[in-house]
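Trainee: Sharing a sequence plus its predicted fold:
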2 protein chains.
Amino acid sequence: MVTLAEVAQHAGVSASTVSYVLSGKRSISASTRQRVEASIRELGYHPNAGARALASSRSNIIALMIPLRTDMYVPVMMEIAIAVTTTARAHGYDVLLLTGEEGPGAVRRVTGSGLADGMILMDVELEDERLPLLRASGQPAVLIGLPADTTGLTCVDLDWRATGALCVEHLAMLGHRDLAVIGEAPAVYERHTGFAERTLDGLRNRAAELGLRVLHRPCEGGYDAMAATLARTLDERPDTTGFLVQNESAVEPLLALLRQRGRAVPEDVSVAAICPDQVAVQASVRLTSVGIPAQEMGRRAVERLVAKLDGHTPDEVLLLPPHLTPRTSSGPAATRS
Amino acid sequence: MVTLAEVAQHAGVSASTVSYVLSGKRSISASTRQRVEASIRELGYHPNAGARALASSRSNIIALMIPLRTDMYVPVMMEIAIAVTTTARAHGYDVLLLTGEEGPGAVRRVTGSGLADGMILMDVELEDERLPLLRASGQPAVLIGLPADTTGLTCVDLDWRATGALCVEHLAMLGHRDLAVIGEAPAVYERHTGFAERTLDGLRNRAAELGLRVLHRPCEGGYDAMAATLARTLDERPDTTGFLVQNESAVEPLLALLRQRGRAVPEDVSVAAICPDQVAVQASVRLTSVGIPAQEMGRRAVERLVAKLDGHTPDEVLLLPPHLTPRTSSGPAATRS
DNA sequence: TGGCCGCATCGAAGCGCTTCGACTCCTTGG
DNA sequence: CCAAGGAGTCGAAGCGCTTCGATGCGGCCA
């Protein structure tokens, strides 16, 4: 391995000069800079990460904690992770991947060891057990997702409440009065994942304001679960004409089952989904949907974190506004006889 | 931050003693060890990663390079990534996430800076541009996927050739003579991704041996693409009774389209898939499939890498044997009139 | 013309840890 | 009873980098 000292010797300057060329923290004459840069290139020098971290107490690494669970739509997680990584690189940071498996202890380990300069937590629950440790550690962090108590935390998330409301408005405008909400798996609600509860909340409030009836049913993905859920729903509310799906692996089964029952989409029933755009356009019916801005969430989270690390302390909670794209799965409610 | 020296002072021993307690590289009396451990706990000491890396020239980090592309089944990538991370933790390593975006230069950067002790490359192509750099760097590495030339490399992969052959055998045994292979998107073949070509290869060879006819059609995911592909396939080979799908986002469209055309599964046509088990059981018809052992691949890759880092140099290429699970999408070919 | 300031550079002191040699006991075999 | 050797501990020398004075030097203002 080539070291700073070797570069310095090769360029005929002192080690500190090379260091300043690299960091730009002091002015260096053009001629010296060029000489040093030439030596760096010629010797193929790469600064040693450990030494740099030790001397500067900055690792230039940010930790990304992703959930272990697979009961939520994985591609979204992946997209966020990739957006985080590429954005981080653009700011000169690398990304350390942590899984939920290690538990809250991971926060302490990373914090304590100086492995990372800051962290990004995904899949934050309303009462997340990692938060007390986070707050105590004083580690710069950004959450993707919104806990119940956000004091002292920086969060980035889709505005789920507005998302729910937006969907209801869309269906209401089309004349639908009875809505069924096909939700995430029961486990998602049980562990109080913020986004699921908030969506429901926003959606129910708006429905109440507009005088619509809403039936909410959590649903595991797949055909069998969806079949049972649909049967029950139509039993309980035969007049349901609007479906709102917030569970990607229930989308296709629902469409197939509606077809089976002879309910045409969108003539007999309308379907709107909260899912990645890719899912919406690849489905057997092009779905009216509110997209999940995974990339933007990842990018914003990193930008916020980097700003914190640079000493700026920007706004605390950033909610991205939802966008509904009407496609062919929703239309005017059939007028009743 | 608490340092080694503070722990040492607190415990009334020298710094090196604390270090040896931590690493276990020299024998320490039980009483001293206990005293030191108590101090560590009491002070909440965590060794500084940078200092440790500098002194030992080991970062205890492994780099995982994942592809940026999203034309392949993302959940599999994610599952591998998670398996890699948890296995790595179990061996005392953290995982640094690199995306393909940075290009082959990432290999050099990580190697040169001592950021990681070794790396795992995913989505390796037959003639991967990262390999020359990897070989040159001498960095311990494990590939998930098999390049054309494996000399000097350690690789872990599903035995795709055997996978293709296994599927053909299954359908042949059921009496099918005309097979259609619905493959990955054309782009996947164009960039010479090993697994796609190998599967095809294994499958064609076995089909030739058994006297079956095979039609291979790459296919983008989604309904429209699948509809076009299916129409063309049945035009060209009306007698096709066996379908083999190696593209998760074509599975459900295919099943729906077959239904539309009045071809019952498995009575009229059989369908086998190469996909994660979860996809196979969640489909509208429970699919006969060869699973993709994502977890095992991730786990094995880490184990191989850790062995290398520990100085053992185990076998170079590890091919996992495929397993076919018969479900309800395949059955005996209808006897011809 | 003298004093000052700013630019460019250097030297040295760490950052917190690992590791090697050395030292002190204490046991054990001859 | 002594030499040999092992167990347990310590001190010190780095690992490669950053960063804080200190230094030398030329230009500028009064």
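Mentor: Thanks, I have it.

Trainee: Quickly find the element holding A:Pro147.
Mentor: In this structure, A:Pro147 sits in neither a helix nor a strand according to DSSP states H and E.

Trainee: what about the strands in the stretch 101-250 of chain A?
Mentor: Along the stretch 101-250 of chain A, the segments classed as strands by DSSP state E, counting those that start in this stretch run A:118-121, A:141-144, A:154-158, A:178-183, A:213-218, A:242-245.

Trainee: what residues does the first one touch?
Mentor: With contacts defined as CB atoms under 8 Å, 6 or more residues apart in numbering or on different chains, strand A:118-121 is touched by A:62-65, A:84, A:98, A:107, A:110, A:128, A:130, A:134, A:139-145, A:301-302, A:305, A:308-309. Any C-beta I mention is one placed from the backbone N, CA and C, and that applies to glycine too.

Trainee: do the second one as well
Mentor: Where contact means CB under 8 Å, 6+ apart, the residues beyond strand A:141-144 that reach it are A:80, A:118-124, A:134, A:153-157, A:297-298, A:301-302, A:304-305, A:308.

Trainee: Enumerate the residues of chain A near DNA strand C.
Mentor: A:12-17, A:20, A:26-29, A:31-33, A:51, A:54-55, A:57 (CB under 7 Å from any atom of the strand).

Trainee: Those residues in strands, which ones?
Mentor: In strands, judged by DSSP state E, none of those are found.

Trainee: thinking again about what came up before, in helices, which of the contacts of strand A:118-121 appear?
Mentor: A:Val84, A:Val107, A:Val110, A:Arg130, A:Leu134, A:Ala301, A:Val302, A:Leu305, A:Lys308, A:Leu309 (DSSP state H).

Trainee: The fourth one contacts A:Val107, correct?
Mentor: Right, the one you point to is A:Arg130. Yes - in this structure, A:Arg130 is within contact of A:Val107 by CB atoms under 8 Å, at 5.4 Å.

Trainee: In terms of packing, which of the two has more residues around it?
Mentor: For A:Arg130 versus A:Val107, the count of surrounding residues by other CB atoms under 10 Å in any protein chain shown is larger for A:Val107: 25 against 22.

Trainee: Tell me the residues of the stretch 51-200 of chain A that contact chain B?
Mentor: Within the stretch 51-200 of chain A, the positions lying close to chain B (CB under 8 Å from any CB of the partner chain) are A:51-54, A:57, A:59, A:61, A:64, A:66, A:68, A:70, A:74-75, A:77-79, A:81-82, A:85-86, A:89, A:94-99, A:101-102, A:108-109, A:111-115.

Trainee: Output the below-cut-off pLDDT ranges for chain A.
Mentor: A:70-72, A:336-337 (pLDDT under 70).

Trainee: Outline the domain layout of it.
Mentor: A:4-47, A:61-158+A:294-320, A:160-292 (automatic domain parsing).

Trainee: wait, which of these is closest to B:Pro218?
Mentor: Closest to B:Pro218 of these is domain A:160-292 (CB to CB; 16.8 Å).

Trainee: Quick one: end-to-end distance for the closest one.
Mentor: 10 Å (CA to CA, to the nearest Å).

Trainee: which of the contacts of strand A:118-121 count as buried?
Mentor: A:62-65, A:84, A:98, A:107, A:110, A:128, A:130, A:134, A:139-145, A:301-302, A:305, A:308-309 (16 or more other CB atoms under 10 Å in any protein chain shown).

Trainee: Those residues of chain A touching DNA strand D, which are they?
Mentor: Checking chain A against DNA strand D by CB under 7 Å from any atom of the strand, the hits are A:1, A:3-5, A:15-16, A:19-20, A:22-23, A:25, A:45, A:47-48, A:51-52, A:54-56.

Trainee: For PyMOL, what selects the buried ones among the residues you listed?
Mentor: In PyMOL syntax, the buried subset of the residues of chain A next to DNA strand D is picked out as below (16+ other CB under 10 Å):
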select buried, chain A and resi 4+19+20+22+45+47+48+51+52+54
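
Trainee: Cross the residues of chain A next to DNA strand D against helices and list the overlap.
Mentor: Those of the residues of chain A next to DNA strand D lying in helices (DSSP H): A:4-5, A:15-16, A:19-20, A:22-23, A:51-52, A:54-56.

Trainee: among the residues you listed, which two are most distant?
Mentor: Checking these with CB to CB, the most distant pair is A:Tyr20 and A:Leu54, at 18.3 Å.

Trainee: What separation is there between the residue in the stretch 101-250 of chain A positioned nearest to chain B and B:Gln9?
Mentor: At 3.0 Å from chain B, A:Gly112 is the closest residue in the stretch 101-250 of chain A, using CB to the nearest CB. Distance, A:Gly112 to B:Gln9, using CB to CB, to the nearest Å: 19 Å.

Trainee: Over to A:Met78?
Mentor: 47 Å.

Trainee: what comes into contact with stretch A:328-337?
Mentor: So stretch A:328-337 is contacted by A:170-171, A:174-177, A:241-242, A:255, A:265-268, A:270-273, A:283, A:285-288 (CB under 8 Å, 6+ apart).

Trainee: Quick check on these: which are buried?
Mentor: A:170-171, A:174, A:176-177, A:241-242, A:255, A:265-266, A:270-273, A:283, A:285-288.

Trainee: Among these, which are located in helices?
Mentor: A:His170, A:Leu171, A:Leu255.

Trainee: circling back: what's the overlap in contacts for A:Arg130 and A:Val107?
Mentor: What both A:Arg130 and A:Val107 touch, as defined by CB under 8 Å, 6+ apart, is the set A:Met65.

Trainee: Now do the same contact list for A:Ala83.
Mentor: By CB under 8 Å, 6+ apart, the neighbours of A:Ala83 are A:Ala294, A:Gln295, A:Glu296, A:Met297, A:Gly298, A:Arg299, A:Val302.

Trainee: Looking at those residues, which is nearest DNA strand C?
Mentor: A:Val302 (26.9 Å; CB to the nearest atom of the strand).

Trainee: Am I right that that closest one is in contact with A:Thr87?
Mentor: Yes - assessed by CB under 8 Å, A:Val302 is found in contact with A:Thr87 at 4.1 Å.

Trainee: Is A:Cys155 bridged to anything, and to what?
Mentor: Judged by DSSP bridges, the bridge partners of A:Cys155 are A:Leu143, A:Val317.

Trainee: what's it in contact with, if anything?
Mentor: Contacts for A:Cys155 (CB under 8 Å, 6+ apart) come out as A:Val124, A:Val142, A:Leu143, A:Ile144, A:Gly145, A:Leu146, A:Pro147, A:Glu316, A:Val317, A:Leu318.

Trainee: mind running it again at 6 Å?
Mentor: A:Leu143, A:Leu146, A:Val317 (CB atoms under 6 Å, 6 or more residues apart in numbering or on different chains).

Trainee: same deal with A:Val281?
Mentor: So A:Val281 contacts nothing (CB under 6 Å, 6+ apart).

Trainee: what helix or strand is it on?
Mentor: Residue-wise, A:Val281 maps onto helix A:277-282 under DSSP H and E.

Trainee: Centre of the chain to that helix, how far?
Mentor: 17 Å (CA atoms, centre = their mean, to the nearest Å).

Trainee: Would you mind listing the buried residues in that helix?
Mentor: A:Asp277, A:Gln278, A:Val279, A:Ala280, A:Gln282.

Trainee: Go through these and name the one nearest DNA strand C.
Mentor: A:Gln278 (46.0 Å).

Trainee: How much space separates that closest one from A:Ser289?
Mentor: 10 Å.

Trainee: The one helix or strand A:Leu96 maps to - contacts with which helices or strands?
Mentor: Using DSSP H and E, A:Leu96 falls within strand A:94-99. Counting contacts by 3 or more CB pairs under 6 Å, 6 or more residues apart in numbering or on different chains; DSSP states H and E, strand A:94-99 packs against strand A:61-66, helix B:74-90, strand B:94-99.
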